[in-house]
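[1] My questions concern the predicted model and sequence given below.
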2 protein chains.
Amino acid sequence: MTSNRIHNFNAGPAALPLPVLEQIQSELLDYQGSGMSVLEMSHRSKWFDQIINDAVARARRLLNLGDDFYVLFIQGGASMQFFMLAMNLGLEGKPVNYINTGTWSTKAIKQAEILGKDVRVLASSEDRDFSYIPKDFAVDKDAAYLHFTSNNTIKGTQWARFPEGQGAPLISDMSSDIMSRPMDVSPFGLIYAGAQKNIGPAGVALAIIREDMLARVPKNLPDMLKYTTYVEKNSLYNTPSCFVIYTVGLVLKWVEETIGGLAEMGRINREKADMLYGFIDAGDFYRGTADIDSRSLMNVTFRLPDEDLEKAFVEEALKEGLGGLKGHRSVGGCRASIYNATGLDAIQDLVSFMKAFEKTKG
Amino acid sequence: MTSNRIHNFNAGPAALPLPVLEQIQSELLDYQGSGMSVLEMSHRSKWFDQIINDAVARARRLLNLGDDFYVLFIQGGASMQFFMLAMNLGLEGKPVNYINTGTWSTKAIKQAEILGKDVRVLASSEDRDFSYIPKDFAVDKDAAYLHFTSNNTIKGTQWARFPEGQGAPLISDMSSDIMSRPMDVSPFGLIYAGAQKNIGPAGVALAIIREDMLARVPKNLPDMLKYTTYVEKNSLYNTPSCFVIYTVGLVLKWVEETIGGLAEMGRINREKADMLYGFIDAGDFYRGTADIDSRSLMNVTFRLPDEDLEKAFVEEALKEGLGGLKGHRSVGGCRASIYNATGLDAIQDLVSFMKAFEKTKG
């Protein structure tokens, strides 16, 4: 690690693999002999064709996607998907089902309601401050889809096993755990993810859509709001967020070639989370906020004995080169986001600091 | 100029100022002592607050905007604005007026039609292959707005003087000439511009909206599609395209501090265009395609005696380090896009090459 770089525990935008940043830096003035920066290249050039096709191919291989899935890049982040999915895939006259596990689920629900959809929230963990993943719920027999948020960055919960669609296609916001572990995509009609946590910088959402969903897309939507437009044009209907797609491609290359794929990525992420939760659980000074069986492997949320200590913790950690440990502004406390690009060494350094801090202040 | 870089005449994404690229490169691993890349920083951090506020402040100063204008950054490029503007500002029961000067105007018109707006195209230059800017038209008395495309990249035409709204607020797609010359913003309700031509890389649109327009925004739109959301949250309702905004800020800084503002930028752009058109007009080998009084200062479109020569011209130019001279795939011919970041030296080298090519092949 370059000596002046910190361990970055930000929730998103978040850490990127150092080799990815170094490659971007090295070719920033002249992309592979083109004589131009990647920031200056036409999205209709042979260079960019290769960039976007490579990113798509890597996503397909990493997730083992069949020919019945399309990989798309759409601007606007997950927030744009909240209404696009309801607009495109919420069938006329049928209910749309949601499970509410926190801020992002709540926002997705609100956008479907604004569109006048028949929204049914099947289960919610709001009764205990979104500290757990609900277990029992019955999906409507004629539901157009079942939507859930696979990982909740703010409260630090995650679906260890995905819910059953019970006949309905699953739709999931996987912004904060896409590509963090192997998964079976077959029950999903749509997976979407803002890139800025596990797979790149901010400025694009990765969307993976199953072919049978495309028949649902209404004809009278603006072109930019139809999934079919992105499928038909390989995400090049208009000028896409070229540089962000380029960076996503480099991150996926790193996951595939340097890490070795999602099985190994998942193993590393499990090891990192076990180390941190293991330390938290071993004493009384730090206290995890999520139910143990609902804990996120990506966002470790915890409290200290009081808010003054939490403030001091965040400040002193930063002095030691450990950044981004403040909890989300809406909930307070502390949070270590440990996405793919955060290495085991960062967790080791964090645990060492936590031990030392407890010794001084505990 | 770094020796392996070409002169970049691409229409967009397009050339960026070399000092901007060099600054991005130099601070890519550690943004100003933060210990993080700008690609890894939270959009809620003090660093990014400064980045976006600086970009907004520079846009305000360059265009001399009063307090009644807001500067916004919205993902999805101009294509997203085509329907957002109609959705937000097309008043119920009133006609929306358009002038059609080519591909981009046509696309904007189509999106308003999809939304069921009462679209009235007041004038079109389609009769002569969009080679001129229409002069006479009467705006509807109760028009919600008058929309036009200020510069047409594909056909190489530009409004030398903006049309009169005749009582209606003007709305303009200025993707390809924003910040290329001084202008009076007061008649405009909305100006929007994809960043990837004159002010940055692809991945964001700059939108400048007048306060009185905000009262028109319907309440029942998805949050991400309402201009009011971006105004209320300083474009930070959700994670924006951080890196692209950062780069736009650096380009605007270059225009303001290195060039010296829009008056000087406009003078330089005029000098560049005069040099190139002057050479084209001086002989018979090259032939400009746009009417002289409608010529674009940004995209110089021209033909050679036949298509074989045009193909050879583009190929040989690239060998000489002059890239991106092929006309748009929909029209053929040749085109030199000479936006802000393309220097006088590039035009001089292009003219020298054109002279030599004519000598050999003419």
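    That came through, no problem. Everything quoted here is computed from the prediction, not taken from an experiment. Numbering: from 1, shown residues only, chains lettered A, B, ... in the order given.
[2] contacting residues for A:K155?
    For A:K155, the contact set (Cβ atoms under 8 Å, 6 or more residues apart in numbering or on different chains) comprises A:101-102, A:129-131, A:289-290, A:301, A:331. C-betas here are computed from N, CA, C, even on glycine.
[3] same check, this time on A:R295
    Under the criterion of Cβ under 8 Å, 6+ apart, the neighbours of A:R295 are A:156-158, A:273, A:277, A:288.
[4] For it, give the beta-bridge partners.
    Listed beta-bridge partners, A:R295: A:T157 (assigned using DSSP bridges).
[5] One more: A:V96?
    Here A:V96, judged by DSSP bridges, has bridge partners A:V119.
[6] pLDDT value on it, please?
    At A:V96, the model reports a pLDDT of 98.
[7] Any of the contacts of A:K155 buried? List them.
    A:101-102, A:130-131, A:289-290, A:301, A:331 (16 or more other Cβ atoms under 10 Å in any protein chain shown).
[8] Okay, and which of these map to strands?
    Among the buried ones among the contacts of A:K155, the members falling in strands are A:T301 (criterion: DSSP state E).
[9] Name the nearest of the buried ones among the contacts of A:K155 relative to A:A168.
    Distance to A:A168, by Cβ to Cβ, is smallest for A:T101 among the buried ones among the contacts of A:K155, at 17.6 Å.
[10] Tell me the pLDDT of that closest one.
    pLDDT for A:T101: 98.
[11] I'd say it and A:G156 touch.
    No. The pair A:T101 and A:G156 does not pass the contact test of Cβ atoms under 8 Å, sitting 11.0 Å apart.
[12] which bits of the stretch 151-300 of chain A sit near chain B?
    Residues of the stretch 151-300 of chain A lying near chain B by Cβ under 8 Å from any Cβ of the partner chain: A:194, A:196, A:201-204, A:220-225, A:237-244, A:247.
[13] Sort out for me which of the residues you listed are in helices.
    A:242-244, A:247 (DSSP state H).
[14] could the residues you listed be laid out in CSV, adding neighbour count and pLDDT?
    Shown next, in CSV, are these (neighbours: other Cβ atoms under 10 Å in any protein chain shown; pLDDT from 0 to 100):
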residue, neighbour count, pLDDT
A:C242, 29, 98
A:F243, 31, 98
A:V244, 27, 98
A:T247, 27, 98
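[15] For B:E320, state which of these is nearest.
    A:C242 (25.8 Å).
[16] And the pLDDT for the nearest residue to that closest one once chain neighbours are set aside?
    Once flanking residues are discounted, A:C242 sits nearest to B:A202: 4.7 Å by Cβ to Cβ, 6 or more residues apart in numbering or on different chains. Here the pLDDT value assigned to B:A202 is 98.
[17] Now for B:A202: which residues touch it?
    So, once contact is read as Cβ under 8 Å, 6+ apart, B:A202 ends up touching A:43, A:239-243, B:12-13, B:77, B:194-196, B:244.
[18] what about the closest residue to A:K197 other than its chain neighbours, neighbour count?
    Counting by Cβ to Cβ, 6+ apart, A:K197 lies nearest to A:G12, which is 4.0 Å off, once chain neighbours are set aside. A:G12 is flanked by 24 other residues according to other Cβ atoms under 10 Å in any protein chain shown.
[19] got the contact list for A:G12?
    Listed by Cβ under 8 Å, 6+ apart, the contact set of A:G12 reads A:153, A:175-176, A:194, A:196-197, A:202, A:337, A:339, B:42, B:239.
[20] Looking at the contacts of B:A202, spot the one nearest A:Q25.
    A:F243 (13.0 Å).
[21] now the closest one: how far from A:T289?
    36 Å (Cβ to Cβ, to the nearest Å).
[22] same check, this time on A:L318
    21 Å.
[23] mind checking the backbone torsions on A:Y145?
    phi -170, psi 170 (degrees, to the nearest 10).
[24] Identify the residues contacting the closest residue to it other than its chain neighbours.
    The shortest distance from A:Y145 to any residue other than its chain neighbours is 4.8 Å, reached at A:I171 (Cβ to Cβ, 6+ apart). Applying Cβ under 8 Å, 6+ apart to A:I171 gives the contacts A:85, A:89, A:145-148, A:188-192.
[25] how about those residues in TSV, adding neighbour count and secondary structure?
    Formatted as TSV, the contacts of A:I171 follow (neighbours: other Cβ atoms under 10 Å in any protein chain shown; DSSP: H, G, I helix; E, B strand; the rest coil):
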residue	neighbour count	secondary structure
A:L85	26	helix
A:L89	22	helix
A:Y145	26	coil
A:L146	27	strand
A:H147	31	strand
A:F148	25	strand
A:F188	21	strand
A:G189	23	strand
A:L190	24	strand
A:I191	23	strand
A:Y192	24	strand
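[26] any idea which of those is closest to chain B?
    Chain B lies nearest to A:L85 out of the contacts of A:I171, by Cβ to the nearest Cβ, at 11.1 Å.
[27] residues of the helix or strand hosting A:E315 that come out buried?
    Element membership for A:E315 (DSSP states H and E) is helix A:307-319. By neighbour count on 16+ other Cβ under 10 Å, the buried set for helix A:307-319 is A:309-310, A:313-314, A:316-317.
[28] now that helix, how far from the centre of its chain.
    27 Å (Cα atoms, centre = their mean, to the nearest Å).
[29] Looks to me like the residue nearest to A:K197 is in a helix.
    No. Under the criterion used here (DSSP: H, G, I helix; E, B strand; the rest coil), A:G12 is coil, not part of a helix.
[30] Report pLDDT for it.
    So A:G12 comes in at 94 (pLDDT).
[31] what are the ranges of the helices in the stretch 51-200 of chain A?
    A:77-89, A:103-114 (DSSP state H, counting those that start in this stretch).
[32] Please name every helix or strand in contact with the longest one.
    On a contact count with 3 or more Cβ pairs under 8 Å, 6 or more residues apart in numbering or on different chains; DSSP states H and E, helix A:77-89 meets strand A:69-74, helix A:103-114, strand A:170-173, strand A:188-194, strand A:205-210.
[33] can you tell which of those is closest to A:S296?
    helix A:103-114 (12.6 Å).
[34] Pull out the buried residues from the closest one.
    Those would be A:103-109, A:111-112, A:114, for helix A:103-114 by 16+ other Cβ under 10 Å.
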